[in-house]
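Participant: pasting a predicted model and its sequence here:
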Amino acid sequence: MPSQAMRDSIDVLRDRQRASAGQAPPPLDEWRAAFVPGDRLHPVPDDVLVTEVAAGGVPAHWLAAPGTSPSRVLIFLHGGGFELGSVRSDGELAARLGRAGGMRVLFPEYRLAPEHPFPAAIDDVLAVWRWLRTDQGLSADSIAVAGDSAGGGLAVALLVAARDAGEALPAAAVLMSPTVDLTSSGASMTERAEQDPISTPAMLRQFASDYLAGADPKTPLASPLFASLSGLPPLLVQVGTADVLLSDAERLAGAAAEAGVDVTLEVGEGLPHVYQLLLGTPEAAEATDRIGKFLRARVR
């Protein structure tokens, strides 16, 4: 059973979901400006050095917590349905994971749909990866990638695209409630709809439609569940049972294991979408600790 702190956070999320039910979303610029993916907005801690950088032409931020190694880098890819999200919404989580893993974080502000539909986001992520390898001279085994929700899907797409291009791959990947099937075919899209305090199937289908802009939803770099996963680095996949994307995580982990990938799937009973964002809950703290240990064990 979720902790009291987690239940309190879920209540906030569910109240927000009820208040918005049946209402048209606000104009996109207003929605982006007000986007709070968790129960409340958590700023990047004051002791984290934030530096803007152009990473392969992509606007990005370095996030460096005290004591983290500058030679070990975590690429963090934010969620938000490919339409929302920024360092404002996800920077605290990114910095926290970097601190736990002893790594600097590179946070790309990849282009967002619907203005920039697929493949703009994955093109930006690939540009950032190649910038780290060439311009920054970092070895692949000193880099990991993490992503939540849509960012989790982009993280898997990065691995697939780099592998298919014959490039060395990041040392590891952390996927939190990843969006990896834009066909919305997972059983949890219906079975968990009443339990999910954040997402609805209709919302996710609209995000997918805006992002795809007519592209085939089974395109592997858009929906990496349909890609070959052989040869990918170790994966840590975390998801909760109160999440309509539960099946995405479960099927991805199963397919990766069948392809011979070292994959760990952690399923939190009663936990919502990207529960790691819910700072102050024991579940988020425990997940952060496990992510940190996973990264420290695999990234040189």
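Facilitator: Here it is on my side, so go on. Fair warning: this is a prediction, and the values are worked out from it, not measured in the lab.
Participant: spit out the contact partners of the residue nearest the centre of the chain.
Facilitator: Of all residues in the chain, the one closest to the mean position by C-alpha atoms, centre = their mean is Asp148, 1.8 Å from it. Applying C-beta atoms under 8 Å, 6 or more residues apart in numbering, we find Asp148 in contact with 37, 77-79, 90, 93, 176-178, 274, 276-277. Placement of C-beta: from N, CA and C, glycine included.
Participant: separation between it and Ala95?
Facilitator: Applying C-beta to C-beta, to the nearest Å, the value for Asp148 to Ala95 is 14 Å.
Participant: could you do Ser89 as well?
Facilitator: Remark: distance between Ser89 and Ala95 (C-beta to C-beta) = 13 Å.
Participant: could you look up the SS state of the residue nearest to Ala94 when sequence neighbours are not counted?
Facilitator: Sequence neighbours aside, Phe76 is the residue nearest to Ala94 in space, at 3.8 Å (criterion: C-beta to C-beta, 6 or more residues apart in numbering). For Phe76, the reduced secondary structure class is strand; criterion used: DSSP: H, G, I helix; E, B strand; the rest coil.
Participant: Leu271 too?
Facilitator: strand.
Participant: next one: Arg40
Facilitator: From three-state DSSP, the assignment for Arg40 is coil.
Participant: check it and give its pLDDT.
Facilitator: Confidence at Arg40, expressed as pLDDT, is 95.
Participant: correct me if wrong: Tyr211 contacts Leu221.
Facilitator: No. Using C-beta atoms under 8 Å, Tyr211 is not in contact with Leu221; the gap is 11.6 Å.
Participant: quick one, which of those two is more surrounded?
Facilitator: Set side by side, Tyr211 and Leu221 show unequal neighbour counts under other C-beta atoms under 10 Å, the larger going to Tyr211 at 26 against 23.
Participant: ok, the more buried one - contacts?
Facilitator: Counting by C-beta under 8 Å, 6+ apart, Tyr211 touches 81-83, 113-114, 117-118, 121, 150, 182, 222.
Participant: do a quick rundown of the helices in the stretch 151-300 of the chain.
Facilitator: Counting by DSSP state H, counting those that start in this stretch, the stretch 151-300 of the chain has helices at residues 188-191, 201-212, 246-258, 282-298.
Participant: chain center to the last one: distance?
Facilitator: Pointing back at helix 282-298 there. When C-alpha coordinates are averaged (C-alpha atoms, centre = their mean, to the nearest Å), helix 282-298 and its chain have centres 15 Å apart.
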